[in-house]
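S.K.: Could you look at this predicted model? Sequence included:
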Protein chains: 2
Amino acid sequence: MATPQDRQLVDQWRGIQSTYFRTAAAIDRALESKFSIGLTEFEILDLVAESTDAACRMKQLGERTPMTQSAMSKVVDRLDKAGLISRQSCEDDRRSLFLELTDAGRALHREAAIEHRALLRENLGND
Amino acid sequence: MATPQDRQLVDQWRGIQSTYFRTAAAIDRALESKFSIGLTEFEILDLVAESTDAACRMKQLGERTPMTQSAMSKVVDRLDKAGLISRQSCEDDRRSLFLELTDAGRALHREAAIEHRALLRENLGND
DNA sequence: ACAACTTATATGACACGTCATTGAATGACA
DNA sequence: TGTCATTCAATGACGTGTCATATAAGTTGT
């Protein structure tokens, strides 16, 4: 019990947690106040933005984020309602959805990404 | 825009996120199923367990976790209702609360900590 | 072409975290 | 000592995530 290895593990874990919380909170607040979107919304925008088009993406996106399928669905829904993204049903498999940024979405992403990267740089401290 | 440094930052961030989510989810599920407590509950137990007694702790604990004051208050409330922890008002400052594990809490913590460390070892991969 | 199964997304009930605020106790200081 | 500000903890309204399930579309084997 309570071996030094355990202590070291626990400390490492707490470090990860606090880095994660601190950084996520900072980004979330900044994006929320400047662009009225949350961190998770931005993350989806970011993934869609960097996806080379083609392919029915909702599913594939799910493989590139730790978000639940359910969570993704709701985030995408909010982004759609906000007019930042559009969902189009795929021709070849009508269960799937093809996502793409609207012009507004692309513009917002461009701005927000700058903020996002800056806050990562600050918080992850790779100066 | 999109400099290689940015890419590297974003990748680092996604790594942290996925480590955090994967690990937290694994621990949470295990503790929930075996001991009927969540990860946040365990973390408070863990902090209280390792606190050298004395001092009115609710406040100090808040300084050692990324949790909000509000969140802590609710977690402690659940732990209290579950009979794992007790809140006693401080004599010297009646705004503050002194926390301590009940016998049940200490016993549960002892068991749960083993599981917790094991899952950290698995997920943070310091073998 | 018809079941039975599988896969993609959406949704409803619920739990938990956050923010803002409250209530109570303390401190500061004229 | 009486006021005003500050601090500790609890609470209510609210947003968002999770789980289980629903809906719809595709697949397979006969």
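M.R.: Thanks, I have it.
S.K.: Please tell me the pLDDT value assigned to the residue nearest the centre of chain A.
M.R.: With distances taken as Cα atoms, centre = their mean, the residue of chain A nearest its centroid is A:Glu43 (1.7 Å). At A:Glu43, the model reports a pLDDT of 97.
S.K.: Contact partners for it?
M.R.: A:Glu43 is in contact with A:Thr65, A:Met67, counting by Cβ atoms under 8 Å, 6 or more residues apart in numbering or on different chains. All C-beta atoms are positioned from the backbone trio N, CA, C, and that covers glycine.
S.K.: and whichever helix or strand it is part of, does that touch DNA strand D?
M.R.: Applying DSSP states H and E as the criterion places A:Glu43 in helix A:39-50. Yes - when contact is scored as Cβ under 7 Å from any atom of the strand, part of helix A:39-50 falls within range of DNA strand D: A:Thr40.
S.K.: just the CA coordinates of that helix, formatted as PDB?
M.R.: Output in PDB follows, covering the C-alpha atoms of helix A:39-50 (Å, rounded to 0.1, in the frame of the first residue of the first chain):
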ATOM      1  CA  LEU A  39     -14.800  24.500 -26.200                       C
ATOM      2  CA  THR A  40     -16.500  21.300 -27.400                       C
ATOM      3  CA  GLU A  41     -18.200  23.300 -30.200                       C
ATOM      4  CA  PHE A  42     -14.900  24.700 -31.300                       C
ATOM      5  CA  GLU A  43     -13.400  21.200 -31.200                       C
ATOM      6  CA  ILE A  44     -15.900  19.900 -33.700                       C
ATOM      7  CA  LEU A  45     -15.400  23.000 -35.900                       C
ATOM      8  CA  ASP A  46     -11.700  22.300 -35.700                       C
ATOM      9  CA  LEU A  47     -12.000  18.700 -36.700                       C
ATOM     10  CA  VAL A  48     -14.400  19.500 -39.600                       C
ATOM     11  CA  ALA A  49     -12.100  22.300 -40.700                       C
ATOM     12  CA  GLU A  50      -9.100  20.100 -40.900                       C
END
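S.K.: A:Arg22 is in contact with A:Gly125, isn't it?
M.R.: No - using Cβ atoms under 8 Å, A:Arg22 is not in contact with A:Gly125, being 10.8 Å away.
S.K.: Name the next helix or strand following the helix holding A:Glu43 along the chain.
M.R.: By DSSP H and E, the next helix or strand past helix A:39-50 is helix A:57-62.
S.K.: quick one: the residue nearest to the centre of chain A and A:Ala112, what's the gap?
M.R.: Counting by Cβ to Cβ, to the nearest Å, the gap from A:Glu43 to A:Ala112 is 10 Å.
S.K.: do the same with A:Ser36
M.R.: Note on A:Ser36: its distance to A:Ala112, by Cβ to Cβ, is 10 Å.
S.K.: Please say which of these two ends up with more neighbours.
M.R.: More neighbours surround A:Ala112 than the other of A:Ser36 and A:Ala112, with 20 against 10 (other Cβ atoms under 10 Å in any protein chain shown).
S.K.: phi, psi of the more buried one?
M.R.: Main-chain dihedrals, A:Ala112, degrees, to the nearest 10: phi -60, psi -30.
S.K.: OK, contacts around it?
M.R.: By Cβ under 8 Å, 6+ apart, the contact list for A:Ala112 reads A:Leu31, A:Lys34, A:Phe35, A:Ile37, A:Phe42, A:Leu45.
S.K.: Neighbours of the first one, how many?
M.R.: Here the count is done by other Cβ under 10 Å, and A:Leu31 has 22 residues near it.
S.K.: In chain A, where is pLDDT below threshold?
M.R.: A:1, A:53-55, A:126-127 (pLDDT under 70).
S.K.: what's the angle from the longest helix seen in chain A to helix B:39-50?
M.R.: Scanning chain A for the helix with the most residues, using DSSP state H, yields helix A:4-35. Interaxial angle, helix A:4-35 versus helix B:39-50 (axes from the mean of the first three to the mean of the last three Cα atoms, to 10 degrees): 130 degrees.
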